[in-house]
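A.B. asks: Sequence below, structure please.
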Amino acid sequence: MATKRSYNPDHVTSQANAAANGFERTASSTKSGHTVRDWLDLHKMSARAVLSILDMQAGATGRKGQSGNSSERHNISVSAKAAWKLASDAMAVSFPDLADAITNTGRRCEVKLEPVERPHVIDNGWRIAPTIHLNFRGDASSFLDVAHEFSHATQLIARTQEFIPPMIREVAAFLGELALVSYLNEADQLSAFDVHQEWQRQNSTYLGRDALALKAALIDPKTPYDYRHNYPCARVLASLLFQHADRQKLSAVFQGTWSVADCVDAVQFAEKRKIMKNNFPEIPEKDPKYPAVEAYRTLGMMAYLDLDYWHGHSEKPIKEYFEGLLKHMKSNSLYVVIGDENKPIGYATWNVSKDQPDQIEITRQAAPFGDHLTVQRSLRARLPDVTSALAVHERSARKGQMAW
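C.D. replies: The predicted structure is shown next:
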């Protein structure tokens with residue numbers, strides 16, 4: 001029988017690796033017998049490396065220890081079930097390569113809504129769906145709790161190794177929170193402001209009190225380990241990775257194959273790249289007298305977008321690449337989305353079901369500048385008669401995922 005383990009914010013008991021035993025907080029992580037030195041060794045970090053990550057927090061939040069200005073909290077008229085669905089949808093949009101794990105989390109995990117001291121996830125064993133315990137109050141903090149626990153559960157399902165260091169677990173959980181904040185903002189949800197304010201408010205704890213406690217603990221490596229030592233660096237890394245790193249590559253965080261050093265490298269690489277910018281010139285007005293020019297311009301825009309996208313289309317043979325696009329142009333199943341600056345920000349191609357013309361299969365969505373939701377919303381507005389759309393993700397083992 002599999003051993004059940006509590007997995008999350010302040011609850012994760014020992015996993016298979018005996019050397020890591022006790023790094024999960026149960027009743028009190030300060031009684032685990034481990035020290036800050038043990039924690040640093042587990043993550044293969046030095047005290048200086050930890051301080052370097054903490055110094056990045058200005059880029060993660062806008063300024064060190066930034067928090068929301070308002071302490072007022074409002075109830076949001078959404079049920080726990082709906083919040084769980086929102087967390088799933090948000091993860092699916094931000095991390096499409098995790099489609100299988102996200103779907104399994106939503107379908108297979110048992111969610112218990114009951115009064116608990118802290119929300120947490122129970123690890124029921126390797127390859128077994130975890131159990132999630134939530135105390136949903138209907139406020140913005142509860143929304144973030146749901147996203148946090150959903151991400152922990154997704155990581156348990158997606159992991160490729162049994163033990164994942166605690167800081168990497170919290171990086172994944174905070175990425176899930178950020179996915180929810182982003183999703184609500186993009187979707188113009190009424191709850192977006194409150195949830196974003198709550199995220200900022202919690203920074204005062206994670207990047208304020210917890211960061212100060214961690215810095216004090218680093219002075220003496222023999223200081224007893226506390227699970228909250230994981231939060232400040234995880235918060236900073238998750239914020240920077242979500243803002244700047246290639247989302248597809250972040251699947252490795254959930255799979256547990258990235259170390260803290262890998263996360264730092266990804267952040268630094270993204271900063272050196274200065275974030276991809278849309279250097280495409282503004283699109284001139286269409287001239288109906290020259291349809292061939294418009295066709296060539298459309299092909300050029302898509303080729304440009306694919307050159308800036310790493311999903312493999314730019315490596316296709318030219319003949320195969322353009323034949324595929326021309327096929328969609330002839331069947332009117334291709335749409336280039338123009339952004340607010342009158343520049344292309346992405347495009348989509350699709351196939352229409354022969355038996356059910358109100359259903360489509362989206363075969364390609366390119367949004368190299370991170371405008372995935374905008375592309376999808378524009379496509380849906382473009383096709384008002386389509387009742388359902390299945391998006392095919394080329395790097396996923398699943399056939400597809402419902403876009404709407």
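
A.B. asks: Hmm, Cys109 and Pro153 touching each other?
C.D. replies: Just so we're on the same page, residue 153 is Ala rather than Pro. Yes: with contact defined as C-beta atoms under 8 Å, Ala153 and Cys109 form a contacting pair (5.2 Å). (C-beta placed from N, C-alpha, C; glycine too.)

A.B. asks: what residues are shared contacts of these two?
C.D. replies: 129-130, 132 (C-beta atoms under 8 Å, 6 or more residues apart in numbering).

A.B. asks: if we can go back for a sec, when Ala153 and Cys109 are compared, which one has more neighbours?
C.D. replies: Ala153 (30 against 21; other C-beta atoms under 10 Å).

A.B. asks: Quick one: neighbours of Leu113, just the number.
C.D. replies: Leu113, neighbours per other C-beta under 10 Å, totals 14.

A.B. asks: Show the contacting residues for it.
C.D. replies: Per C-beta under 8 Å, 6+ apart, neighbours of Leu113: 80, 134-136.

A.B. asks: which phi and psi does it have?
C.D. replies: phi -100, psi 110 (degrees, to the nearest 10).

A.B. asks: now it: how far from Arg380?
C.D. replies: 32 Å (C-beta to C-beta, to the nearest Å).

A.B. asks: Point me to the helix or strand that includes the closest residue to Ile157 other than its chain neighbours.
C.D. replies: Counting by C-beta to C-beta, 6 or more residues apart in numbering, Ala101 is the residue found nearest to Ile157 once chain neighbours are left out, at 4.6 Å. With secondary structure defined by DSSP states H and E, Ala101 is part of helix 99-108.

A.B. asks: Which positions within that helix qualify as buried?
C.D. replies: Buried positions in helix 99-108, judged by neighbour count with 16 or more other C-beta atoms under 10 Å: 99, 101-106.

A.B. asks: where does Gly68 land on pLDDT?
C.D. replies: Looking at Gly68, its pLDDT stands at 44.

A.B. asks: Tell me where the model's unsure across the protein.
C.D. replies: 1-32, 59-76, 188, 270-276, 308-315, 370, 393-400 (pLDDT under 70).

A.B. asks: Show me what the helix of greatest length in it is packed against.
C.D. replies: When the chain is parsed with DSSP state H, its longest helix is helix 166-186. Applying 3 or more C-beta pairs under 8 Å, 6 or more residues apart in numbering; DSSP states H and E, one finds that helix 166-186 contacts strand 5-8, helix 80-94, helix 140-158, helix 192-204, helix 231-244, helix 251-255, helix 260-273, helix 372-382.

A.B. asks: winner for burial among these?
C.D. replies: Mean neighbours per residue, mean count of other C-beta atoms under 10 Å, is largest over the helices and strands packed on helix 166-186 for helix 140-158, with a mean of 26.

A.B. asks: now the angle from it to helix 192-204?
C.D. replies: 80 degrees (axes from the mean of the first three to the mean of the last three C-alpha atoms, to 10 degrees).

A.B. asks: Only the C-alpha atoms, please, for helix 140-158, written as PDB.
C.D. replies: Output in PDB follows, covering the C-alpha atoms of helix 140-158 (Å, rounded to 0.1, in the frame of the first residue of the first chain):
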ATOM      1  CA  ALA A 140      -9.200  36.400  -3.600                       C
ATOM      2  CA  SER A 141      -6.800  34.600  -1.300                       C
ATOM      3  CA  SER A 142      -8.900  31.400  -1.700                       C
ATOM      4  CA  PHE A 143      -8.600  31.800  -5.500                       C
ATOM      5  CA  LEU A 144      -4.800  31.800  -5.200                       C
ATOM      6  CA  ASP A 145      -4.900  28.900  -2.700                       C
ATOM      7  CA  VAL A 146      -6.800  26.800  -5.300                       C
ATOM      8  CA  ALA A 147      -4.300  27.700  -8.100                       C
ATOM      9  CA  HIS A 148      -1.400  27.000  -5.700                       C
ATOM     10  CA  GLU A 149      -2.700  23.500  -4.800                       C
ATOM     11  CA  PHE A 150      -3.800  22.700  -8.400                       C
ATOM     12  CA  SER A 151      -0.200  23.400  -9.400                       C
ATOM     13  CA  HIS A 152       1.300  21.200  -6.700                       C
ATOM     14  CA  ALA A 153      -1.000  18.400  -7.800                       C
ATOM     15  CA  THR A 154      -0.100  18.900 -11.400                       C
ATOM     16  CA  GLN A 155       3.500  18.600 -10.500                       C
ATOM     17  CA  LEU A 156       2.900  15.400  -8.700                       C
ATOM     18  CA  ILE A 157       1.300  13.900 -11.800                       C
ATOM     19  CA  ALA A 158       3.800  15.400 -14.200                       C
END
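
A.B. asks: Alright, that wraps it up for me.
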